[in-house]
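**Q** 3D model of this:
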Amino acid sequence: MQDEFQQFASSRGGYSDLSRKRCDNHANREAAARCPQCGRFFCRECVTEHAGRVICADCLATMVSQSDSRRWLAGGVAIYLAALAGTLVAWMAYYYIGRILLEIPHEFHEGLTW
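**A** Coordinates of the predicted model:
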């Protein structure tokens, strides 16, 4: 039975090797998972589940900082576009108000009609 498991494990990418590995952060602990990002081995305390996969804290921090920088960039672009749209709307409002005021007859401004 043990031989069958080892054959199965070696055919599946070496699951039996995981039991012999040690945590990169805690040398006295057996490794429970391998980080898919960096490929290092970690114990249960050093890994976390994120987006449906087990990942180490260092790789998770890198992913979060990258997404934060993208979010900051997207937020800056959104603020710029909102300011540009607001300026355009204000300019158009003042332009058309000015056009309406120009259509008022000259006599009205001099006080001859009222």
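
**Q** does residue 87 sit in a helix, a strand or a coil?
**A** helix (DSSP: H, G, I helix; E, B strand; the rest coil).

**Q** Now do it against residue 81, distance only.
**A** If you measure residue 87 against residue 81 using CB to CB, to the nearest Å, the figure is 11 Å. Using the backbone N, CA and C atoms, a C-beta is placed for each residue, glycine as well.

**Q** With residue 34 instead?
**A** If you measure residue 34 against residue 81 using CB to CB, the figure is 43 Å.

**Q** Compare the two (neighbour count), which wins?
**A** Neighbours were tallied for residue 34 and for residue 81 using other CB atoms under 10 Å; the higher tally belongs to residue 34 (17 against 10).

**Q** Show the residue spans covered by the helices in this protein.
**A** Along the chain, the segments classed as helices by DSSP state H run 2-11, 15-20, 57-103, 106-110.

**Q** By mean pLDDT, show me the worst of these.
**A** For the helices of the chain, the stretch scoring lowest in mean pLDDT is helix 2-11; its value is a mean of 48.

**Q** The closest residue in space to residue 23 that isn't next to it in sequence and residue 57, how far apart?
**A** Distance criterion CB to CB, 6 or more residues apart in numbering; nearest residue to residue 23, sequence neighbours excluded, is residue 43 at 3.9 Å. Look at residue 43 and residue 57: by CB to CB, they are 12 Å apart.

**Q** If you count surrounding residues, which of these two has more?
**A** The residue with more neighbours, out of residue 43 and residue 57, is residue 43; 18 against 14, by other CB under 10 Å.

**Q** Can you give me every residue that contacts that one?
**A** The neighbourhood of residue 43, defined by CB atoms under 8 Å, 6 or more residues apart in numbering, consists of 23, 25, 26, 29, 30, 31, 32.

**Q** For these, point out the one with the lowest pLDDT.
**A** residue 25 (77).

**Q** and that one, how many neighbours does it have?
**A** A total of 15 residues lie near residue 25 under the criterion other CB under 10 Å.
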